[in-house]
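Novice: Build the 3D model from these lines:
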Amino acid sequence: MMFDLATRIATTGQLLVRSGIEIDHILSDMVQQHSTVSATLPSQNMFLSRLVSSDPVRQRVMFACSDYKSANSTVVSQPSVIFRCNHRWGQFAFGCTKPRMVEHAHEPAIEMTAPTAILALQHRRQAVRPPAMTEPAELYCKLPMAPIAFEARIVDMSLDGRAFLLADPGIPLCAGTRLQDVRITPRGREPLRADIEVTHVIPSMQDGHPATRVACRIIAPDATLEQLVRTFIIEFT
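Specialist: As a prediction, the model looks like this:
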């Protein structure tokens, strides 16, 4: 059985979440629960607010403006801000960049880029510096489509096996395709085998070049899924 984030953090004490799918789950739940977020700003100013929107497609989040205009002005003047939130089963810390004033539901708000990673800790636990992540969170794979195999990268994966691939723009894939015995190679480890079930195929751009983004589900024994997901959810003590 694959353990959820709450069970994992109760076991290890700390997680570094790099899965965009899981990050969106966390942020969306903070929005729904009206959880308070805070940020310590220069000159010991404190920004107290809550998340009001999380958009995984645009990769943007919105915060309600604080009651203190000076704190709002300070946030908008920063290139990046680290936010903290005590939410449900843990403490969370995440960084957002490029703040700007916008409007949300006819109220002023601050929009920023969505975080690419979230540090999750048990309540009342002191943070330990997470391991340095010098490599992007991705897994290389070969998609067997007779008579050849297409190279692709798994760039996101959730605990339940949902994932996104990036591939060449001309790859002949369509929703409903099931690719069997796909070879997936975690960085620095032996290749693993899994099936991939395609759910959506989305024309996209990557680094200014055309690409294909593929929403899919990875189907494999739990032990294989666990080895794959550790690229995107890192446990450390």
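
Novice: who are the neighbours in contact with Phe24?
Specialist: For the record, residue 24 is Asp, not Phe. 54, 56, 114 (C-beta atoms under 8 Å, 6 or more residues apart in numbering). Quick note: C-beta positions are derived from backbone N, CA and C, even for glycine.

Novice: Using PyMOL, define a selection of the buried residues within the residues you listed.
Specialist: The PyMOL command for the buried members of the contacts of Asp24 (criterion: 16 or more other C-beta atoms under 10 Å) is given here:
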select buried, resi 54+56+114
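
Novice: Can you name the next helix or strand after the longest helix along the chain?
Specialist: Longest helix in the chain, counting residues (DSSP state H): helix 20-33. Per DSSP states H and E, the first helix or strand lying C-terminal to helix 20-33 is strand 36-40.

Novice: domain ranges for this structure?
Specialist: 5-121, 139-236 (automatic domain parsing).

Novice: residues of the longest strand along the chain that come out buried?
Specialist: Assignment by DSSP state E gives strand 192-206 as the longest strand of the chain. Residues of strand 192-206 classed as buried by neighbour count (16+ other C-beta under 10 Å): 192, 194, 196, 198, 201.

Novice: Give the partner strands of that strand in its sheet and their orientations.
Specialist: strand 178-185 (antiparallel), strand 209-219 (antiparallel) (DSSP bridges).

Novice: Mean pLDDT added to the domains of the chain, as JSON lines?
Specialist: Shown next, in JSON lines, are those (pLDDT from 0 to 100):
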{"stretch": "domain 5-121", "mean pLDDT": "94"}
{"stretch": "domain 139-236", "mean pLDDT": "94"}
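
Novice: Could you list the buried residues of the longest helix of the chain?
Specialist: For helix 20-33, using 16+ other C-beta under 10 Å, the buried residues are 20-27, 30.

Novice: Columns distance to Leu41 on top of the residues you listed, output as a markdown table?
Specialist: Below are the buried residues of helix 20-33 laid out as a markdown table (distance: C-beta to C-beta, whole Å):
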| residue | distance to Leu41 |
| --- | --- |
| Gly20 | 27 |
| Ile21 | 30 |
| Glu22 | 28 |
| Ile23 | 23 |
| Asp24 | 26 |
| His25 | 28 |
| Ile26 | 23 |
| Leu27 | 21 |
| Met30 | 20 |
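
Novice: now the helices for this structure?
Specialist: So, for the chain - with DSSP H - the helices run 5-12, 20-33, 69-77, 222-229.

Novice: and of these, who's closest to Lys98?
Specialist: helix 69-77 (10.1 Å; C-beta to C-beta).

Novice: nearest to Ser38, of the strands paired with strand 192-206?
Specialist: Going by C-beta to C-beta, the one of those nearest Ser38 is strand 209-219, 34.3 Å.

Novice: Mind listing what's buried along that closest one?
Specialist: 211-214, 216-219.

Novice: Over to stretch 113-123?
Specialist: 114-122.

Novice: Tell me the one of these nearest Leu159?
Specialist: Relative to Leu159, and with distances defined as C-beta to C-beta, the nearest of those is Ala120, at 12.9 Å.

Novice: Centroid-wise, who is the farthest residue in the chain?
Specialist: Among residues of the chain, the one most distant from the C-alpha centroid is Pro147; the distance is 34.6 Å, by C-alpha atoms, centre = their mean.

Novice: Number of residues surrounding the residue nearest to Leu139 when sequence neighbours are not counted?
Specialist: Leaving aside its sequence neighbours, Leu139 sits nearest to Ile154 (C-beta to C-beta, 6 or more residues apart in numbering; 4.1 Å). Using other C-beta atoms under 10 Å, Ile154 is surrounded by 26 other residues.
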